[in-house]
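Student: no sequence for this one, just the structure:
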């Protein structure tokens, strides 16, 4: 266990080092990094234990940049993140691409802190929702150009239910899912690539709603 913890710490350090080199002159991302660190410094001490569908990982900024380019997302687009956690993927898009974003998470802490940080960074097109996305009325949300699903730890039942809900998305909406493709005749798989995440390298699947 000690070796695993040490390896993971080294891996995260090199991720941070790489991002620091790539984004060294992006002052707003540095401010965001500080706000995320300071607001979540002690949160894990009293957060409920997260298991199964709720196990938490994060998308590094440079991976977020690559994913947005891969999906051909433009400044006028709207992006959802289902199970957004701290919202790093959305924050990057809002800061660098001026995207409209919707972050949805079951744990109230993440949307509440997301709202607070959004205000501090003057990001006015970010929406944060506390909800189980399996029970959320998607039709009440702004229509998405991209839906991001970091579903590496989602159960088979959760994925099947989510896929059924996503079938209500408008034609042409794109979906990025991690670790497994969406099995439905309503989604065409456009491409598959591997990217680096906080837990290591994982496959990402890019779909389009037909």
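Tutor: Thanks, I have it. Computed from a predicted structure; not experimentally measured.
Student: just for the protein, where's the confidence low?
Tutor: 1-18, 44-56 (pLDDT under 70).
Student: ranges for the strands of it?
Tutor: Here the chain has its strands, by DSSP state E, at 78-82, 100-105, 126-130, 146-149, 174-178, 187-197, 200-209.
Student: out of these, which gets nearest to residue 23?
Tutor: strand 187-197 (14.8 Å; CB to CB). The C-beta positions use only the backbone N, C-alpha and C, and glycine is treated the same way.
Student: which of the residues in that closest one are buried?
Tutor: 187, 195-197 (16 or more other CB atoms under 10 Å).
Student: tell me which of the strands of the chain sits nearest to residue 116.
Tutor: strand 126-130 (9.5 Å).
Student: what residues sit buried inside the closest one?
Tutor: 126-129.
Student: circling back: what's the most distant pair in the buried residues of strand 187-197?
Tutor: 187 and 196, at 24.8 Å, using CB to CB across those.
Student: which residue ranges of this structure form helices?
Tutor: Remark: helices assigned in the chain by DSSP state H are 2-22, 27-40, 61-70, 88-97, 109-120, 156-166.
Student: quick one: closest of the ones you listed to residue 181.
Tutor: helix 156-166 (10.0 Å).
Student: for the buried residues of strand 126-130, give me a markdown table that also has distance to residue 115.
Tutor: As requested, these are exported to a markdown table (distance: CB to CB, whole Å):
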| residue | distance to residue 115 |
| --- | --- |
| 126 | 8 |
| 127 | 9 |
| 128 | 5 |
| 129 | 10 |
